[in-house]
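*Asks:* Quick one, fold the following:
(chains A and B)
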2 protein chains.
Amino acid sequence: MRIESVDFFYLSMPQVTTEADGSQDALLVRIAAGGLVGYGECEAAPLPSIAALVCPLSHGSCQPVQDSVLGQNINNPSDIQRISQLVAYQSMDLLQAAHTFSGIEMALWDLLGKSTDAPVWKLLGYQESFAKTPYFSVLFGDDPAITFERAKEARQKGFQAAKFGWGPIGLGSASEDREHFQAAREGLGNDGLLLVDTGQIFGEDVEKASQRIGAMEEANVLWFEEPFHAHALEEYGELVKRSGKIKLAGGEGAHHPSMAKHLIDFGKVGYVQIDCGRIGGIGPAKLVADHAVAKGVTYVNHTFTSHLALSASLQPYAGLKAHEICEYPGQPKSLALDITKSHLALDQNGQIKAPEAPGLGMEINLEALNSYLVDVSIEVNGQNLYKTPQFEI
Amino acid sequence: MRIESVDFFYLSMPQVTTEADGSQDALLVRIAAGGLVGYGECEAAPLPSIAALVCPLSHGSCQPVQDSVLGQNINNPSDIQRISQLVAYQSMDLLQAAHTFSGIEMALWDLLGKSTDAPVWKLLGYQESFAKTPYFSVLFGDDPAITFERAKEARQKGFQAAKFGWGPIGLGSASEDREHFQAAREGLGNDGLLLVDTGQIFGEDVEKASQRIGAMEEANVLWFEEPFHAHALEEYGELVKRSGKIKLAGGEGAHHPSMAKHLIDFGKVGYVQIDCGRIGGIGPAKLVADHAVAKGVTYVNHTFTSHLALSASLQPYAGLKAHEICEYPGQPKSLALDITKSHLALDQNGQIKAPEAPGLGMEINLEALNSYLVDVSIEVNGQNLYKTPQFEI
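*Replies:* As a prediction, this is how the structure comes out:
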């Protein structure tokens, strides 16, 4: 099969705010080859990612992403790896390329799965897709009472685990944060898994981050996620020395598999969290999963958006039975839910798994998406380089 | 002073090819505040960088770069640091942001220097701008005879050092590469400094890279630059164990100071090469210079474009007398030379230094640039987000 087209669809809620909710817009990718289509999703700023797809050539190592994709043959997994390497080399100096290519790579796996009638996890070499225990992923409330309500909601919806992120944590005192951790634990009950995500708020400040450890221990928090920025390997390593039984988690910012490996090797995280929409797609994420297994670290997906992204993010570790926790978007915007007709609903045990259906196993809801479509036009020296394609239903 | 405007100018040669010559286009940045203007330059793909400046908000951690810059106060160096941190936090999930902001950060230093009548290196805390020995930076020829000619040209132009990069190296056999190293050494003479840049061609293949070490030792090569991709810390560290007296060099791909620090700490490079147009600007580059001094590693600029970028890239280590080598664009396209009226010409000792004049000390050649200006228009939902500004002469 020859890659005939790469279409990017910028989708958005009518209103987008500065809340830490990544489901307010989306960048859907459609690839056509051999009479089939595959879909993927970049977890990335849509406009710069579109620009990286179609921009004029700057020089040999700064080529638009589409120049390494269009016209390429895709018949087996090694073709996807070959195209990934071509993009990495020819777009070496185009920083946004990794985010842009992530959705393309996902779509290539989806397409390859459809053409071979196999789910992606089987193409990755797994024999079985094991059930995962999803955690309800939400933001901390503006005050502890809201955090408490959200924790109760998680249990009411059948979740055994919940992750609270961002919000006021780290902006005030450690004792104010303690109240939120306590409220989350109360709402969740003593038998629920409680996870905390501080969204890089401590920058490189190990001391300030470590002041939260005591309250996390009191609330029996399983992991402390993203205390620092994505490159702060030494700071992660230092905090581990002070974090007692609280394990560190991180990796969502990785846009190259080596970045995630370094967070394991040098940052000493206990959980490595990969967003397939940023790291370059499913193949690079699988490399991180292999490395996590080798180093005794637990792999977890990072997904805050659609169920297409959720299916993609489950594939790299679908066959790893012991790596059981998965992120599950708890309160996504309607856009994220409307991207697919089917959803990965919780089974009677409160678990989900990567679909058995070919490719990513998700049907795109084209009818629903037209109303979210953002109209973009990019012209360079009088030539149109990008115009929002239409969904043909 | 309050930042009133941030203007991006996409400049390009009429023809851009896939050769590894980053001087074929440019992204010039102009900042206005307090009745003054400052200039900087992103070493980045222009269109995605413009998109990252002006794109619609995606969520709180994926904001357009301009939202963290426009309207901010700038009165002293700590303001620049504060704005940098704001961009890093508010554009955490916008990968291209580091490249976009790099030119802005440079322009802020230029502006601050002009307002305080001080060269940037003085604002960075240095007392003196020491002379650097520039190396003539060119590409390997398609065959060794061309490499030989370019080496001779370097000496004829008064350079004591020359770096050869990219071209056929690593694409053929180690013995073919040896002929190029020998040709470069012959053309340069025995007393010239010879540097080799392989432009990431060996990916993660330590064995293949190490096969070039013998020929480099024969040709008395000082450093072996970028054997691997920018994140290949372990591979750098492995190659160092086999590279004998040949030191490794790298770092131009760093888009965060921590990346460069890791290349020193874990990759064990002997020379760390920073492009101020990618790492986030002059401030982050200075952090790397400080770290290099602490770790006994030599700091070098990475500059393949204009003399505005060259001046900016000298500032972070202008006051480090022992860090004497600097990259000097050897055969840039006319665009790169036309960006400034003045140029950092070699003195009678064949050396250059960061200017004594305020800011970056370079005068922009507005008259010359209009002919290179690329006309860009970006519209989102009927609203124009970017239109190429005009130079007012």
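
*Asks:* Next, see if stretch A:167-183 gets close to chain B.
*Replies:* No: taking Cβ under 8 Å from any Cβ of the partner chain as the criterion, stretch A:167-183 and chain B are apart, separated by no less than 10.6 Å. To be clear about C-beta, it is placed using only N, CA and C from the backbone, and glycine gets the same treatment.

*Asks:* can you give me the end-to-end distance of that stretch?
*Replies:* Start to finish, the residues bounding stretch A:167-183 are 14 Å apart (Cα to Cα, to the nearest Å).

*Asks:* quick one: buried residues of that stretch?
*Replies:* Neighbour counts over stretch A:167-183 (16 or more other Cβ atoms under 10 Å in any protein chain shown) mark A:Gly167, A:Pro168, A:Ile169, A:Gly170, A:Ala174, A:Asp177, A:Arg178, A:Glu179, A:His180, A:Phe181, A:Gln182, A:Ala183 as buried.

*Asks:* Which residue, other than its chain neighbours, is closest to the residue most central in space within chain A?
*Replies:* Centroid-nearest residue in chain A: A:Asp275, 2.8 Å away (criterion: Cα atoms, centre = their mean). In this structure, A:Asp275 finds its nearest non-sequential neighbour in A:His302, 4.0 Å apart by Cβ to Cβ, 6 or more residues apart in numbering or on different chains.

*Asks:* check contacts around the closest residue to A:Gly141 other than its chain neighbours.
*Replies:* Distances taken as Cβ to Cβ, 6+ apart place A:Thr147 nearest to A:Gly141, at 4.2 Å, with adjacent residues excluded. Residues near A:Thr147 by Cβ atoms under 8 Å, 6 or more residues apart in numbering or on different chains: A:Phe140, A:Gly141, A:Phe164, A:Gly167, A:His180, A:Ala183, A:Ala184, A:Gly187.

*Asks:* try A:Gln200
*Replies:* A:Gln200 sits next to A:Glu226, A:Pro227, A:Phe228, A:His229, A:Ala230, A:Gly253, B:Tyr89, B:Met92 when contact means Cβ under 8 Å, 6+ apart.

*Asks:* Distance of the residue nearest to A:Phe140 when sequence neighbours are not counted relative to A:Asp142?
*Replies:* In this structure, A:Phe140 finds its nearest non-sequential neighbour in A:Gly167, 3.1 Å apart by Cβ to Cβ, 6+ apart. In this structure, A:Gly167 and A:Asp142 are 7 Å apart, going by Cβ to Cβ, to the nearest Å.

*Asks:* Am I right that the residue nearest to the centre of chain A is in contact with A:Ser313?
*Replies:* Yes: because the distance of 6.9 Å satisfies Cβ atoms under 8 Å, A:Asp275 is recorded as touching A:Ser313.

*Asks:* Return every residue with contacts to both of the two.
*Replies:* Shared contacts of A:Asp275 and A:Ser313 (Cβ under 8 Å, 6+ apart): A:Asn301, A:His302, A:Thr303.

*Asks:* Name the member of those residues with the most neighbours.
*Replies:* Neighbour counts for these (other Cβ atoms under 10 Å in any protein chain shown) peak at A:Thr303, which has 32 neighbours.

*Asks:* For that residue, which three-state class applies?
*Replies:* coil (DSSP: H, G, I helix; E, B strand; the rest coil).

*Asks:* Quick one: name the residues of the stretch 1-150 of chain A near chain B.
*Replies:* So far as Cβ under 8 Å from any Cβ goes, the stretch 1-150 of chain A lies against chain B at A:12, A:16-22, A:24-25, A:43-48, A:50-52, A:54-63, A:85, A:88-89, A:92-96, A:98-99.

*Asks:* and these, which of them are in helices?
*Replies:* Counting by DSSP state H, the part of those found in helices is A:Pro46, A:Leu47, A:Pro48, A:Ile50, A:Ala51, A:Ala52, A:Val54, A:Gln85, A:Ala88, A:Tyr89, A:Ala98, A:His99.

*Asks:* thinking again about what came up before, and which of the buried residues of stretch A:167-183 is nearest to B:Glu153?
*Replies:* When these are compared for distance to B:Glu153 (Cβ to Cβ), A:Gly170 wins out at 56.3 Å.

*Asks:* so the closest one makes contact with A:Asp197?
*Replies:* No: if you go by Cβ under 8 Å, A:Gly170 and A:Asp197 don't touch, sitting 10.7 Å apart.

*Asks:* List the contacts of the closest residue to chain B within the stretch 251-393 of chain A.
*Replies:* The stretch 251-393 of chain A approaches chain B most closely through A:Ser258 (3.6 Å), counting by Cβ to the nearest Cβ. Neighbour list for A:Ser258: B:His229, B:His231, B:Ala232, B:Leu233 [criterion: Cβ under 8 Å, 6+ apart].

*Asks:* Tell me the secondary structure at A:Thr133.
*Replies:* Assigned by three-state DSSP, the conformation of A:Thr133 is strand.

*Asks:* Pairing partners for it in the sheet, please.
*Replies:* Bridge pairing for A:Thr133 (DSSP bridges) gives the partners A:Ile325.

*Asks:* Identify the residues contacting the closest residue to A:Gly170 other than its chain neighbours.
*Replies:* Among residues not flanking A:Gly170 along the chain, A:Ile201 sits closest, at 3.3 Å (Cβ to Cβ, 6+ apart). Residues near A:Ile201 by Cβ under 8 Å, 6+ apart: A:Trp166, A:Ile169, A:Gly170, A:Leu171, A:Pro227.

*Asks:* farthest-separated two in the residues you listed?
*Replies:* A:Leu171 and A:Pro227 (14.0 Å).

*Asks:* can you map out the helices along chain A?
*Replies:* A:46-54, A:77-90, A:97-116, A:120-123, A:144-156, A:174-188, A:206-210, A:213-218, A:233-242, A:257-265, A:282-295, A:307-314, A:334-338, A:366-369.

*Asks:* for the fourth one, what is the average pLDDT?
*Replies:* Per-residue pLDDT over helix A:120-123 has a mean of 98.

*Asks:* Can you name the residues of the stretch 251-393 of chain A sitting close to chain B?
*Replies:* Close to chain B, as judged by Cβ under 8 Å from any Cβ, the stretch 251-393 of chain A has residues A:253, A:255-256, A:258-259, A:262, A:265-266, A:278, A:374-382, A:385.

*Asks:* Which of these fall in strands?
*Replies:* Under the assignment DSSP state E, these contribute A:Val376, A:Ser377, A:Ile378, A:Glu379, A:Val380, A:Leu385 to strands.
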